[in-house]
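>>> When you get a sec, could you give me coordinates for this:
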Amino acid sequence: MKLLKNGKLIASALALILGLALGAGILAAEDGEVIENDMTVGKVIGAMVKRLPSVWKISREAKKVARDLPDYQGEVPAPGSELIYSWIEELCQTPHRRPGTAEDHEAEQFIAARFREFGLENVALDPVPLTVWTAERWSLAVDGAEVPSFFVVNTGFTGPSGVAGPLAYVGVGQPKDFAQTDVKGKIVVADVPFPYLPSGALLKTFHSAFAVSDPGHVMKFSTGQYLNFVRQNFIGGTDNKNAPPGDVYWNAYKRGAVAVCLILRDQPSKYNTHYGPYDGVMKPMPALWIGKYDGDKLREQAQAGAQASLVLEGNTAPGVMHNVWGILPGLSDDVILVTSHHDAPFQGATEDGAGAAQVLAQAWAWSRVPKERRPRTMVFVVDGGHFYGSLGGRAFAREHQDIMASVKILITLEHLGAKEVREKDGEYEPTGKTALTVMFTSPDPQVVGAVIKAFAKKPPQFTASIPSDFFGKAPTSDAAGYVLESGVPVISWIGCPYYLLDSEDTLDKIEKSELKPIAETVTELVKAYMAR
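Next up is the predicted model:
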């Protein structure tokens, strides 16, 4: 509190929180219903400033809770890193695991087979219907020369000859940008910015987390990163009628553009294989992603009104995906729910081979513990459709209200063990550290106390426990569907490496040696609820 009395620090706090708030407003929209589209940045800043005292209070109370929590009696050996990695390898045998595809169905069967192998009961694959959108051919040519590009998922298809017209540059595509440029019949070119999260400053100066684990002392005041899964002007999760004023896609569509090319302005690499927004909303106008370096030239060509042609061919078809789940009975009907998702836009080593494998690790570990040492029942779910607006988690919560009513804690695991990278000559270069992770944690001293105890027993690499509702009603993770539908308490552990949504999310991005330690930390979280 003394820090906030200093005028300069107040100004710094507002500037830093502004950066976080810009990310928060868009971050939430990926899983829908988390934050109001019309909530102003000022309101977000005000809400977050008001929230800090409660974060500090809960943290103090949780430390006392952690000291008094009973210890779980007995050992629960976690599987080794090699075994966990072998599960990730199996999930990554296909080039992608997009919702409703044959490749994702292979992953579903693999997970179900492991659940049965571990002895889980009532293993099931619950079908969830969806529309499968498949791109088959895409290209952009400017003045007859090919420009590297990638499709924007769930956007409109062209015929074989595509669409053609002059390019029109509209900056970041706000209404004032379009007011200066007639885009009717043209191919719009726009920048898509990502917010920058000054995590080190927020955590070190303002103690904005319930708890921080940083055994390697890697967190510096200057630590931070672009949130490249947060498209500030292309939120997703909306249609033409309900789009917010700043949505570049719908602004272009409403004004008669025939297509849009979106430059990944802040992506720290040359890559254009961005998969988003993955909201499951089918959109009428074709769109392509352009890497930031190719975007430099395209921006100039658009400002000069160069002629272009764009092709995006493909199809949509009815399909189905599955939530894969099973039960490990305990001595009571109280439930510890452990989840992740199996779908992935590309090979998906970290997104989310790593998360699914950590769910398997817990099923493997606790299935080796006699039932009499499992006071609570465990339910394991690896859901589908994270890349379809987190449809799978929502569906499970709606269809299994009896289970959700008994949940004492939801533990969701995503992107864990991912290597941190930086850009070098347009490529990703490992830094030798693991990527920042956060635990979205229910703002309850009892839940935070379990996290603090786990951090003390098995401290993970750079991880911050922050309020699950810091950005809105639910975590900005695959846990959102369960929380929004059922209001269960949650610990959602999620990593955020730069390659999360592109084709470079490959097996070499996994820090294999960290897989068992991560599983041991998760086991400590489960133990805290088994021992109560």
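>>> pLDDT score assigned to the nearest residue to residue 368 once chain neighbours are set aside?
Nearest residue to residue 368, sequence neighbours excluded (C-beta to C-beta, 6 or more residues apart in numbering): residue 77, at 7.1 Å. Bear in mind the C-beta positions are built from the backbone N, C-alpha and C, glycine included. You'll see residue 77 listed with a pLDDT of 93.
>>> Next, the nearest residue to residue 151 once chain neighbours are set aside: phi, psi?
Nearest residue to residue 151, sequence neighbours excluded (C-beta to C-beta, 6+ apart): residue 135, at 4.2 Å. Dihedral angles of residue 135 (phi, psi; degrees, to the nearest 10) stand at phi -90, psi 140.
>>> what separates the residue nearest to residue 368 from residue 70, distance-wise?
21 Å (C-beta to C-beta, to the nearest Å).
>>> Have a look at these two and say which one is more surrounded.
Taking other C-beta atoms under 10 Å, residue 77 and residue 70 do not tie; residue 77 has more neighbours (13 against 10).
>>> Who does the residue nearest to residue 151 form a beta bridge with?
residue 314 (DSSP bridges).
>>> Moving C-terminal from the strand or helix carrying residue 312, which element do we reach first?
Assigned by DSSP states H and E, residue 312 belongs to strand 307-328. Once the chain leaves strand 307-328, the next helix or strand it forms, by DSSP H and E, is strand 335-341.
>>> Please export the C-alpha coordinates of that next one as PDB.
What follows is strand 335-341, C-alpha atoms only, in PDB (Å, rounded to 0.1, in the frame of the first residue of the first chain):
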ATOM      1  CA  VAL A 335     -15.000 -35.200  -7.100                       C
ATOM      2  CA  ILE A 336     -11.600 -33.900  -8.100                       C
ATOM      3  CA  LEU A 337     -11.900 -33.100 -11.800                       C
ATOM      4  CA  VAL A 338      -8.700 -33.100 -13.900                       C
ATOM      5  CA  THR A 339      -9.000 -31.900 -17.500                       C
ATOM      6  CA  SER A 340      -7.300 -30.700 -20.700                       C
ATOM      7  CA  HIS A 341      -8.100 -30.900 -24.400                       C
END
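>>> Report pLDDT for residue 49.
We have a pLDDT of 70 for residue 49.
>>> and it, how many neighbours?
Number of residues near residue 49 (other C-beta under 10 Å) recorded here: 16.
>>> how about the residue nearest to residue 368, secondary structure?
coil (DSSP: H, G, I helix; E, B strand; the rest coil).
>>> Equivalent analysis for residue 449, please.
helix.
>>> The nearest residue to it once chain neighbours are set aside: what secondary structure?
Of all residues not flanking residue 449 in the chain, residue 65 sits nearest, at 3.1 Å (C-beta to C-beta, 6+ apart). Of the three states, residue 65 takes helix according to three-state DSSP.
>>> Isn't residue 65 up against residue 451?
No: contact criterion C-beta atoms under 8 Å: residue 65 and residue 451 do not qualify, at 10.3 Å.
>>> Skip the chain neighbours and tell me the closest residue to residue 120.
That would be residue 326: by C-beta to C-beta, 6+ apart, it lies 3.2 Å from residue 120.
>>> picking that back up, what helices and strands are in contact with the strand holding residue 312?
In terms of contacts (3 or more C-beta pairs under 8 Å, 6 or more residues apart in numbering; DSSP states H and E), strand 307-328 is packed against helix 102-117, strand 121-142, strand 163-169, strand 259-264, strand 287-290, helix 355-367, strand 377-383, helix 391-399.
>>> Any chance of CSV for these, columns mean pLDDT and distance to residue 531?
Formatted as CSV, those follow (pLDDT from 0 to 100; distance: least, C-beta to C-beta, whole Å):
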stretch, mean pLDDT, distance to residue 531
helix 102-117, 98, 25
strand 121-142, 98, 23
strand 163-169, 98, 60
strand 259-264, 98, 47
strand 287-290, 98, 48
helix 355-367, 98, 13
strand 377-383, 98, 14
helix 391-399, 97, 26
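>>> mind checking how far residue 176 is from residue 169?
Distance, residue 176 to residue 169, using C-beta to C-beta: 14 Å.
>>> In terms of neighbours, single out the busier of the two.
Shown here are residue 176 and residue 169; by other C-beta under 10 Å, residue 169 has more neighbours (23 against 10).
>>> Okay, that one and residue 415: tell me how far apart.
Counting by C-beta to C-beta, the gap from residue 169 to residue 415 is 34 Å.
>>> what's the answer for residue 299, then?
Look at residue 299 and residue 415: by C-beta to C-beta, they are 31 Å apart.
>>> Tell me which of these two has more neighbours.
Between residue 299 and residue 415, counting by other C-beta under 10 Å, residue 415 is the more crowded of the two (26 against 21).
>>> Now for that one: which residues touch it?
Shown in contact with residue 415 (C-beta atoms under 8 Å, 6 or more residues apart in numbering): 350-352, 354-355, 435, 437, 494-497, 500.
>>> Tell me how many other residues surround the closest residue to it other than its chain neighbours.
Take residue 415 and drop its neighbours on the chain: the residue closest to it by C-beta to C-beta, 6+ apart is residue 495, 3.6 Å away. Residue 495: 27 surrounding residues under other C-beta under 10 Å.
>>> quick one: pLDDT of residue 495?
95.
>>> Specify the beta-bridge partners of it.
Beta-bridge partners, per DSSP bridges, of residue 495: residue 437.
>>> what sits against it?
Counting by C-beta under 8 Å, 6+ apart, residue 495 makes contact with 350, 354, 414-418, 434-437.
>>> how far away is it from residue 435?
Distance from residue 495 to residue 435, by C-beta to C-beta: 5 Å.
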